[in-house]
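**Q** What follows is a predicted structure for the sequence shown.
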Amino acid sequence: MTDRDLIFDVKNVTLRFGGVTSLDDVSIQQERGEILSVIGPNGAGKTSLFNCLTGVYQPQEGSITFRPTSTQSISIVGRQPHRVSRAGVARTFQTSRMFNALTTFENVKIGVEARQKTGPIGAMLKLPRTRHEEKHSDERSHELLEFVKLTHRTNTLADSLPYGDRRRLEIARALGTNPKVLLLDEPAAGTNPSEKLELASLISRINAELGISILLIEHDMKLVMSLAQRLVVLNFGGVIAEGSPQEIQENPRVIEAYLGASEEVEQ
């Protein structure tokens, strides 16, 4: 039997803040190409997990291995967030974090240029590689705006965008860093039903057309169940269940801890 092709391998991670344990011996595995959703009630440790996976928090115990390719392994613990990003891990946040005074194009271009190698000297001297990277970043930014269907907003200031467009813009900027895995922290928060449908379609396309693995935190169970191939459930900082959407819907511990009564799952 061959080993699973894992993009994330989280083993026995424990994260403490003083006397409070935010993550308690958490182990999670994500296969390459998978849409995996982490769910749980408020305070369960979901965002703390994301912060550990992106290098923002350093757990006191356990290991986090990221595999950009099947033959590469990188330890996330102890690695700075910008180095984690350059390795191929991108994320969005619960609340939109845009450069409001810049246009949609400029916001996406910032993401694209985060992966470029030109330093300040090269930029000032306009060296050949600098000009080549400038052309590439412009082309790639336009491609990403087209992919998320925001070409009609190219020159619109981010601060003027409708909320649903801001969420898609944040995803476009994250895609600009050329990630292998995209962590989405409650991407549907604050969106209306129409925007949720557009968002679900976009996430599916990112996974299917771009081949990017998706790790999703989301409270909208209808959206989660329509997208995720597998779910992990956190409660009080620990994993209480994992499995397919149907298995999670029928799990008594999940129903009690997060979903409430069984009839609520069916809504």
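**A** Perfect, thanks for sending it.

**Q** which is the next helix or strand following the longest helix along the chain?
**A** Longest helix in the chain, counting residues (DSSP state H): helix 128-147. Sequence order places helix 163-175 as the next helix or strand after helix 128-147, per DSSP states H and E.

**Q** can you list contacts of that following helix?
**A** With C-beta atoms under 8 Å, 6 or more residues apart in numbering as the test, helix 163-175 has contacts from 90-93, 96-98, 104, 107-108, 110-111, 144-145, 147-150, 153, 158, 161, 182, 184, 187-188, 190-192, 194-195, 198-199, 202, 206, 210, 212. C-betas here are computed from N, CA, C, even on glycine.

**Q** Equivalent analysis for stretch 50-66, please.
**A** Residues from elsewhere that reach stretch 50-66 (C-beta under 8 Å, 6+ apart): 6-16, 23, 25-27, 48, 73-81, 83-85, 87-89, 91, 181, 183, 185, 215, 217.

**Q** Flag every buried residue along it.
**A** For stretch 50-66, a neighbour-count test (16 or more other C-beta atoms under 10 Å) marks Phe50, Asn51, Cys52, Leu53, Thr54, Gly55, Tyr57, Pro59, Gly62, Ile64, Thr65, Phe66 as buried.

**Q** related to what we said a few turns ago, can you flag the buried ones in the contacts of helix 163-175?
**A** The buried subset of the contacts of helix 163-175 - by 16+ other C-beta under 10 Å - is 90-93, 96, 98, 104, 107-108, 110-111, 144-145, 147-148, 150, 153, 158, 161, 182, 184, 187-188, 191, 195, 198-199, 202, 206, 212.

**Q** Looking at these, which are in strands?
**A** The members of these that map onto strands under DSSP state E are Ala90, Arg91, Leu182, Leu184.

**Q** Contact partners for the last one?
**A** Counting by C-beta under 8 Å, 6+ apart, Leu184 touches Arg91, Thr92, Ile171, Ile203, Ile214, Leu215, Leu216, Ile217, Glu218.

**Q** other SSEs contacting the helix or strand harbouring Val224?
**A** Assigned by DSSP H and E, Val224 belongs to helix 221-227. The helices and strands touching helix 221-227, judged by 3 or more C-beta pairs under 8 Å, 6 or more residues apart in numbering; DSSP states H and E, are strand 35-39, helix 193-210, strand 213-217, helix 245-249.

**Q** I would like the residues contacting that helix, please.
**A** Counting by C-beta under 8 Å, 6+ apart, 35, 37, 39, 188, 196, 199-200, 203-204, 214, 216, 218, 231, 245, 249, 259, 265 sit against helix 221-227.

**Q** 7 Å instead?
**A** With contact meaning C-beta atoms under 7 Å, 6 or more residues apart in numbering, helix 221-227 is reached by Ile35, Ser37, Ile39, Ala188, Lys196, Ala200, Ile203, Ser204, Leu216, Glu218, Leu231, Pro245.

**Q** What is the nearest of the residues you listed to Glu133?
**A** Ile203 (28.9 Å; C-beta to C-beta).

**Q** That closest one: how many residues sit nearby?
**A** For Ile203, the count of nearby residues is 24 (other C-beta atoms under 10 Å).

**Q** Same question for Gln72.
**A** Using other C-beta under 10 Å, Gln72 has 11 neighbouring residues.

**Q** just the one 10 residues further on next, same as before
**A** Summarising burial for His82: neighbours were counted as other C-beta under 10 Å, giving 10.

**Q** quick one: which helix or strand includes it?
**A** helix 81-87.

**Q** same check, this time on Val254
**A** helix 252-254.

**Q** Now do the buried residues in that helix.
**A** So helix 252-254, judged by 16+ other C-beta under 10 Å, has buried residues Val254.

**Q** got the contact list for that helix?
**A** In contact with helix 252-254 (C-beta under 7 Å, 6+ apart) are residues Val233, Ile240, Ala241, Ile248.
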